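Participant: below is the structure, and that's it, no one-letter string:
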């Protein structure tokens with residue numbers, strides 16, 4: 001089970017020990033970091049600026065029917 005994260009709190013990457021994750025600079029915001037954590041049915045993106053957690057995004061895989069974009 002993932003630990004609980006609170007927006008606005010200091011983020012400690014060591015809290016993800018035992019989980020498969022990647023760390024990368026944010027593509028559009030200088031100084032921000034994106035931690036992508038692999039979970040059973042998708043990814044969780046934790047976006048930090050400095051050491052503060054600013055955003056949490058849960059992404060479901062594209063093969064889920066409800067995440068596919070409509071052709072119209």
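Facilitator: Cool, the structure landed. The structure presented is a predicted model; accordingly, all values stated were derived computationally and were not measured. Numbering: from 1, shown residues only.
Participant: need the three-state assignment for residue 7.
Facilitator: With DSSP: H, G, I helix; E, B strand; the rest coil as the basis, the three-state label of residue 7 is coil.
Participant: test my guess that it contacts residue 53.
Facilitator: Yes: look at residue 7 against residue 53 with CB atoms under 8 Å: they come within range, at 5.7 Å. For every residue, glycine as well, the C-beta is placed using N, CA and C.
Participant: more neighbours: which of the two?
Facilitator: Legend: neighbour count by other CB atoms under 10 Å for residue 7 and residue 53, higher for residue 53 (19 against 10).
Participant: nearest residue to that one in space, ignoring adjacent ones along the chain?
Facilitator: Excluding its sequence neighbours, the residue lying closest to residue 53 (CB to CB, 6 or more residues apart in numbering) is residue 11, at 4.3 Å.
Participant: report pLDDT for residue 20.
Facilitator: At residue 20, the predicted lDDT confidence score is 89.
Participant: likewise residue 64?
Facilitator: pLDDT, residue 64: 61.
Participant: before we move on, what about residue 70?
Facilitator: 53.
Participant: could you do residue 43 as well?
Facilitator: pLDDT, residue 43: 88.
Participant: so what's it bridging to?
Facilitator: Residue 43 has the following beta-bridge partners by DSSP bridges: residue 38, residue 59.
Participant: what's the answer for the one 10 residues further on, then?
Facilitator: Listed by DSSP bridges, the beta-bridge partners for residue 53 are residue 48.
Participant: contacting residues for it?
Facilitator: Contacts for residue 53 were tallied using CB atoms under 8 Å, 6 or more residues apart in numbering; they are 5, 6, 7, 8, 9, 10, 11, 46, 47.
Participant: so how far is residue 61 from it?
Facilitator: Distance, residue 53 to residue 61, using CB to CB, to the nearest Å: 24 Å.
Participant: related to what we said a few turns ago, can I get the contacts of residue 53 in CSV with distance to residue 23 and pLDDT?
Facilitator: Formatted as CSV, the contacts of residue 53 follow (distance: CB to CB, whole Å; pLDDT from 0 to 100):
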residue, distance to residue 23, pLDDT
5, 15, 88
6, 20, 91
7, 19, 94
8, 20, 96
9, 18, 94
10, 16, 93
11, 11, 93
46, 10, 95
47, 11, 96
